[in-house]
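**Q** show me the folded form of this:
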Amino acid sequence: MKIVIGGQMGKEEIKELAVTAMGDEGEVVIKDDVAAAMDVKGGKADLYLGACMTGGGGALAMAIAILGYGTCMTVADADENAIRKALESGKKAFGFTPSMSKTVVPVIVRLAKEVMCN
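**A** Numbering: from 1, shown residues only. Modelled structure (predicted):
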């Protein structure tokens, strides 16, 4: 699995959290928002993660524009059922606030591995 990090804030921290959660099972790359969303759209990446102060504005604006609103989700907490349902329904881009990164990134990545790789 390949994860791209977009959004406006905390990209290095998000990458570290995603790499830890992924282990040796994939790749995590930081890109600008447009390139990250285009990688997901083109099948070069499986998952987009991004953060901004609201979790939905700068974190997901370009992902929404390129991938469509229905493929994106703002994550307010680490609700495993909601995240699993989102992944199962085809959501590939997740936005959150920087303060939530440590809580939500490991959950999103773990569940994405379960849902997308099985």
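
**Q** average pLDDT across the lengthiest helix in the chain?
**A** Identified as the longest helix of the chain according to DSSP state H is helix 101-116. Averaging pLDDT along helix 101-116 yields 96.

**Q** neighbours around the residue lying closest to Gly95 once chain neighbours are set aside, how many?
**A** Nearest non-adjacent residue to Gly95, counting by CB to CB, 6 or more residues apart in numbering: Ala59, 3.1 Å away. The way it works is simple: take the backbone N, C-alpha and C, and place the C-beta from them, glycine included. When neighbours are defined as other CB atoms under 10 Å, Ala59 has 31 of them.

**Q** go on, Val34?
**A** Neighbourhood size, Val34 [other CB under 10 Å]: 13.

**Q** can I assume it is in contact with Met62?
**A** Yes - proximity of Val34 to Met62 meets the contact threshold set by CB atoms under 8 Å, at 5.3 Å.

**Q** pretty sure Val28 is in a strand, no?
**A** Yes - counting by DSSP: H, G, I helix; E, B strand; the rest coil, Val28 is found in a strand.
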